[in-house]
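[1] With the sequence up front, the predicted model follows.
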Amino acid sequence: MHLALLGLLIIVLVIAPQFWVKRTLRRHSSDLEGMPGTGGELAKHLVERFKLDGVAVVKGQNGQDFYNPAEKQISLSPEHYDGCSIAAVAVAAHETGHALQHQENNPDFLRRGKRIKLAISIQRFSSLALMLTPLVFLLTRAPHSMLFTALLGISGMVAAIWVQVLNLPLEIDASFNKALPILSEGYLKDEHLPAAREVLKAAAYTYVAAALASVVNLARWFTILKR
């Protein structure tokens, strides 16, 4: 019964949000006639317009849509860099929104990099702890030692959830306080703005889907520890 409920929870909290994000992007990924430029061209234009000095726009690999503050790069996946779709220009505007946050020295954005580095360090340590858990138990035969290392392992999942939740306001700001107002200035026709809003919502709430996946994974480990 518990396994069945856990399986249902995984479907609802993990698969459904991720499916919605991918479906939304795919639904608006067809090139439109009359679109004045590609996503990559829009991003480059916005970099010049807002005088984002030193920021480069590059074509990344599939699924690599992000802004790298360390290298000051806006990376767009090939379909968004070369595409003339609503999804392409909306994602380009969203990632440029992060570059604008960087330019504004947004305190939350500046803290984001430190949070991510800390979370990565914790996750690496926790992964090592999980791998060593069976060995520790074999050497000590002490249930408490196994529980301790398992809890260290779980700390990595908690760190991932923490970062994803704290980053969500930045994603919402990049979508709805930066990208959408920009696109509303004539970069998209009024009839296409509702679709752009859907894409920007999906771009922002990708973090929600990731956080929910981490929560379910965390719940699975707690179930294992209770046995």
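    Here it is on my side, so go on.

[2] Okay, helices next: where are they in the chain?
    2-10, 16-27, 39-49, 78-81, 86-103, 107-140, 143-172, 180-182, 193-204, 206-226 (DSSP state H).

[3] low-scoring stretches of this structure, by residue?
    Within the chain, the set of residues satisfying pLDDT under 70 comprises 1-14, 119-120, 122-154, 156-157, 207-227.

[4] For residue 87, see how far away residue 191 is.
    Residue 191 sits 16 Å away from residue 87, going by CB to CB, to the nearest Å. Heads up, the C-betas are built off the backbone N, CA and C, glycines and all.

[5] Can you pick out the residue with more neighbours from the two?
    Shown here are residue 191 and residue 87; by other CB atoms under 10 Å, residue 87 has more neighbours (27 against 7).

[6] Contact partners for that one?
    Counting by CB atoms under 8 Å, 6 or more residues apart in numbering, residue 87 makes contact with 25, 26, 28, 29, 79, 80, 199.

[7] got it, and residue 197?
    Contact analysis of residue 197 by CB under 8 Å, 6+ apart lists residue 180.

[8] Next, count neighbours for the nearest residue to residue 176 once chain neighbours are set aside.
    Distance criterion CB to CB, 6 or more residues apart in numbering; nearest residue to residue 176, sequence neighbours excluded, is residue 200 at 6.6 Å. Neighbour count of residue 200, defined by other CB under 10 Å: 27.

[9] separation between residue 200 and residue 117?
    Counting by CB to CB - residue 200 and residue 117 are separated by 27 Å.
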